[in-house]
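In: quick check, what structure comes out for this input:
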Amino acid sequence: MQYIGFDIHKRYTFYTQMNDAGKIQRQGKLPNTREALGIFFADVGEPARVVMEASINWYHLYDLLETLDIPVTLAHPLRTRAIAEAKVKTDKVDSATLAHLFRADLIPAAYIPPREIRDLRELLRYRGALVRLQTMVKNRIHAILLKHGYQAPVQDVFGVQGREWLTTLPLRPVYQQALQGFLAILDALRDQISAATTAIDREALTTPAALRLRTLPGVGHYTALLLLAEIGDVRRFPSPKHLVSYAGLAPTVHASGGRVRTGHISKQGSPWLRWVLIEAALHASRKPPYQALYERLKNRKGFRIARVAVARELLTTVYWMLRHAH
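Out: Got it, this is the predicted structure:
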């Protein structure tokens with residue numbers, strides 16, 4: 001067996017190939033292309049396994065290796081401490097360290113969802129990114145209004161009446177150009193969000209697990225699919241606590257001298273899962289059975305802590321719903 005550590009960069013990958021005895025066979029650079037990878041693995045001569053860190057551009061290389069039927073292990077970057085804390089940190093050192101750890105079965109592997117789940121994640125994150133861009137554009141328009149001391153006579157300045165009011169504002173040419181430009185961008189974003197939403201609704205209606213999650217308060221088509229996409233195979237979590245920790249919603253714990261103190265939530269794990277649960281908790285906290293929990297904690301510890309507690313309880317319910325479905 002050959003163990004190959006990949007240190008991935010934007011245009012190339014530095015590799016270290018190592019045998020069972022830990023002897024380095026070869027090291028060097030590879031272009032991040034299917035042709036270069038095909039030639040490289042044709043020369044390996046033995047069954048090979050690849051390990052690489054879950055960096056921002058791992059998707060591309062993983063997809064290429066998948067088409068070549070090369071087994072890949074994705075190393076969790078926060079837990080690969082031998083690399084993160086190395087005093088000498090180069091491409092050669094990083095790839096060699098990955099290969100050594102992989103050969104010794106010491107790699108903390110990250111979860112790699114199937115291709116259909118990865119594609120669903122991209123669709124959902126795409127819509128989420130569009131909504132965030134829409135919010136940014138709206139804030140720019142509000143800033144123009146504030147600079148001129150204008151207050152909209154309607155609640156929704158971006159509705160039909162609000163848009164008509166915006167066209168009547170006497171603005172200097174530079175601000176008028178900015179306003180019209182932002183409104184045009186807003187219209188384009190709305191069209192793209194609408195198209196993405198249609199695709200998401202279509203997917204949700206044909207996904208039984210999403211329809212089950214839709215029965216929870218605060219969970220619509222988008223939220224249900226995002227929960228499924230970010231969680232992946234729920235059986236990889238031994239308990240609800242493990243899933244809560246993966247979402248970054250578990251409190252940090254500091255123990256010293258026999259004293260245990262809990263702190264803020266860790267915020268480590270899937271940021272998209274944590275975000276959608278906090279958003280869903282806002283609506284779930286107004287309905288039973290989560291309303292009682294929210295009101296009790298809000299009076300004692302404030303609405304933020306109460307909302308996080310509802311998000312944790314909601315995720316626990318999601319866990320058992322998905323486990324019982326298998």
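
In: ok, and the closest non-adjacent residue to the spatially most central residue of the chain?
Out: Centroid check for the chain by C-alpha atoms, centre = their mean gives W272 as the closest residue, at 4.4 Å. Leaving aside its chain neighbours, W272 sits nearest to E230 (5.4 Å; criterion: C-beta to C-beta, 6 or more residues apart in numbering). Placement of C-beta: from N, CA and C, glycine included.

In: tell me which element that neighbour falls in.
Out: helix 221-231 (DSSP states H and E).

In: C-terminal to that helix, what's the next element?
Out: helix 240-246.

In: from the chain's centroid, how far away is that following helix?
Out: 16 Å (C-alpha atoms, centre = their mean, to the nearest Å).

In: just stretch 239-250 next, same as before
Out: For stretch 239-250, the distance to the chain centre is 15 Å (C-alpha atoms, centre = their mean).

In: what average pLDDT does it get?
Out: For stretch 239-250, mean pLDDT rounds to 94.

In: outline the domain layout of the chain.
Out: The chain breaks down by automatic domain parsing into domains covering 2-103, 115-206, 221-325.

In: still on that earlier bit, and the contacts of the helix holding E230?
Out: Contact with helix 221-231 is made by 113, 117, 120-121, 124, 127-128, 197, 200-201, 203-205, 207, 209-211, 213-214, 219, 237, 243, 270, 272-273, 276-277, 279-280, 318, 322, as judged by C-beta atoms under 8 Å, 6 or more residues apart in numbering.

In: one more pass at 7 Å, please.
Out: Contacts to helix 221-231, defined as C-beta atoms under 7 Å, 6 or more residues apart in numbering, come from residues 117, 120-121, 124, 127, 200-201, 203-204, 207, 209-210, 213-214, 243, 270, 272-273, 276, 280, 318.

In: mind listing the helices for this structure?
Out: Here the chain has its helices, by DSSP state H, at 34-42, 58-67, 81-84, 91-103, 115-147, 160-166, 173-205, 208-213, 221-231, 240-246, 271-284, 290-301, 303-325.

In: go through these and find the least confident stretch.
Out: Among the helices of the chain, helix 81-84 carries the lowest mean pLDDT, a mean of 56.

In: circling back to that earlier point, would you turn the domains of the chain into JSON lines with distance to A109?
Out: Formatted as JSON lines, the domains of the chain follow (distance: least, C-beta to C-beta, whole Å):
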{"stretch": "domain 2-103", "distance to A109": "5"}
{"stretch": "domain 115-206", "distance to A109": "16"}
{"stretch": "domain 221-325", "distance to A109": "11"}
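
In: just to revisit the earlier point, quick one: contacts for the residue nearest to the centre of the chain?
Out: W272 sits next to 125, 226, 230 when contact means C-beta under 7 Å, 6+ apart.

In: roughly how far does T197 sit from R163?
Out: Between T197 and R163 the computed distance is 21 Å (C-beta to C-beta, to the nearest Å).

In: what do you get for T73?
Out: With distances taken as C-beta to C-beta, T73 is found 53 Å from R163.

In: does L101 really touch P108, like I thought?
Out: No. Between L101 and P108 there is no contact under C-beta atoms under 7 Å: 8.9 Å.

In: and the two? Which one has more around it.
Out: Per other C-beta atoms under 10 Å, whichever of L101 and P108 has more neighbours is L101, with 19 against 14.

In: number of residues surrounding the closest residue to the more buried one other than its chain neighbours?
Out: Excluding its sequence neighbours, the residue lying closest to L101 (C-beta to C-beta, 6+ apart) is I107, at 5.1 Å. The local packing of I107 (other C-beta under 10 Å) involves 22 other residues.

In: and V244, how many neighbours does it have?
Out: Residues near V244, counting by other C-beta under 10 Å: 24.

In: my read is that it contacts R312, right?
Out: Yes. With contacts counted by C-beta under 7 Å, V244 reaches R312, the gap being 5.3 Å.

In: quick check: S55 vs I8, distance?
Out: On the measure of C-beta to C-beta, S55 and I8 end up 5 Å apart.

In: more neighbours: which of these two?
Out: Legend: neighbour count by other C-beta under 10 Å for S55 and I8, higher for I8 (23 against 16).

In: contact partners for the more buried one?
Out: Applying C-beta under 7 Å, 6+ apart, the residues near I8 are 52, 55, 57-58, 61.

In: what pairs with it across the strands?
Out: In this entry, I8 is beta-bridged to T13, by DSSP bridges.

In: what is the neighbour count of L216?
Out: By other C-beta under 10 Å, 20 other residues sit near L216.

In: for it, phi and psi?
Out: The phi and psi torsions at L216 (degrees, to the nearest 10) take the values phi -80, psi 140.

In: that one: what's it in contact with?
Out: Contacts of L216 (C-beta under 7 Å, 6+ apart): 314, 317.

In: now with 8 Å?
Out: Contact analysis of L216 by C-beta under 8 Å, 6+ apart lists 280, 284, 314, 317-318, 321.

In: returning to what we had before: nearest to L179 among the contacts of W272?
Out: Using C-beta to C-beta, R125 is the member of the contacts of W272 that lies nearest L179, at 29.7 Å.
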